[in-house]
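K.L.:
just to be clear, the model below is a prediction. Sequence and coordinates:
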Amino acid sequence: MIKNQYLKELAITGTCASKSANKKPDVLKIQSWLNLFAQVQPAAGTATAIDGDFGSSTELAVKNFQKAKGLPQTGVVDAGVFSQLSMPLQKAFTAPGAATGLRGRIVELAHVHLGQHAYELIINQQANTGPWVRSYMDGNEGTDWFWCMGFVQAIIDQAASQFQKSFKTLMPLTYSCDVVAIKGIEKQLLITNKALVANPSLAKPGDIFLLKKSVSDWYHTGLIMEVNGDSLVTIEGNTNNDGSNNGNGVYKRTRNFKKQVIDVFSIAPLV
């Protein structure tokens with residue numbers, strides 16, 4: 001894979017415990033995963049401050065995580081415990097697949113990431129943060145780092161690499177919807193909303209949808225899972241139940257291309 005930041009998110013430099021000489025980046029990772037676990041199992045009692053200080057509250061949150069996972073409740077995070085904390089990310093980026101074609105593999109992997117509950121966090125009053133965001137955004141994070149395109153390219157990269165292909169032959173590595181849309185126009189790969197309405201079969205699973213605001217402004221993106229009538233079934237990052245372009249996680253949604261201006265970038269040359 002070209003986008004391999006996820007590997008840095010799967011390890012800490014040493015064992016962390018209360019009243020020990022812990023490294024702040026390691027503690028921040030631990031606290032982040034404790035909070036991500038809390039989003040999936042809110043009753044577990046693992047939500048805690050993300051401040052880089054392994055104090056008594058973090059220790060208790062670790063013990064609660066260990067209890068929930070059936071591990072010895074030591075309150076200490078070694079490599080083994082951290083592996084359990086970060087397991088969702090590992091599963092998402094190393095998932096074996098059954099699909100034999102690139103489009104099918106993209107659809108398959110998008111569902112895998114969805115199933116591992118890829119969410120952002122708020123750290124130091126900054127949205128768009130945490131290990132999932134950094135993995136999709138090559139280490140970048142923070143309020144200004146909208147990550148919908150980072151998610152799209154990570155999934156396509158992961159799928160393409162398994163077929164010994166590079167997504168960069170199709171489009172540049174970017175976090176910008178505009179850059180991808182303009183590249184689509186240049187390569188005659190952008191299916192306009194008008195063309196899509198006239199012939200929905202032009203859009204295929206694995207293609208990229210782009211929400212359009214004006215003539216030269218596309219503001220949100222995701223992956224097409226299927227086309228059903230005048231709607232697209234999508235999996236997209238940095239959205240929410242309202243379909244925001246700056247939401248909190250990866251969601252599976254439906255979008256009506258007769259009610260929204262949606263263009264589609266075809267990945268056909270990569271297939």
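P.N.:
Noted; the coordinates are in hand. Numbers count the residues shown, from 1 in each chain.
K.L.:
all contacts plus neighbour counts: C-alpha atoms, from now on.
P.N.:
Fine.
K.L.:
now do the end-to-end distance for stretch 106-126.
P.N.:
Counting by CA to CA, to the nearest Å, you get 30 Å between the two ends of stretch 106-126.
K.L.:
list the buried residues in it.
P.N.:
106-114, 116-121, 123 (16 or more other CA atoms under 10 Å).
K.L.:
what do you get for stretch 76-87?
P.N.:
Under the neighbour-count criterion of 16+ other CA under 10 Å, stretch 76-87 has 76-77, 79, 81-86 buried.
K.L.:
between these, which is nearest residue 228?
P.N.:
residue 86 (35.4 Å; CA to CA).
K.L.:
which other residues reach the longest helix along the chain?
P.N.:
If you go by DSSP state H, the chain has its longest helix at helix 24-40. By CA atoms under 8 Å, 6 or more residues apart in numbering, the list of residues contacting helix 24-40 from outside reads 9, 12-14, 16, 44-54, 58, 61-62, 65, 77, 82, 85-86, 117, 119, 121, 130-131.
K.L.:
one more: stretch 199-210?
P.N.:
For stretch 199-210, contacts defined as CA under 8 Å, 6+ apart pick out 102-104, 106-107, 152, 177, 181, 191, 196, 218-227, 229-230, 262-267.
K.L.:
which of those fall in helices?
P.N.:
In helices, defined here by DSSP H, the members of the contacts of stretch 199-210 are 102-104, 106-107, 152, 177, 181, 196.
K.L.:
rewinding a little: please convert the buried residues of stretch 76-87 to JSON lines, extending it with pLDDT and distance to residue 158.
P.N.:
What follows is the buried residues of stretch 76-87, written out as JSON lines (pLDDT from 0 to 100; distance: CA to CA, whole Å):
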{"residue": "76", "pLDDT": "98", "distance to residue 158": "33"}
{"residue": "77", "pLDDT": "98", "distance to residue 158": "29"}
{"residue": "79", "pLDDT": "98", "distance to residue 158": "25"}
{"residue": "81", "pLDDT": "98", "distance to residue 158": "26"}
{"residue": "82", "pLDDT": "99", "distance to residue 158": "23"}
{"residue": "83", "pLDDT": "98", "distance to residue 158": "21"}
{"residue": "84", "pLDDT": "98", "distance to residue 158": "22"}
{"residue": "85", "pLDDT": "99", "distance to residue 158": "22"}
{"residue": "86", "pLDDT": "99", "distance to residue 158": "18"}
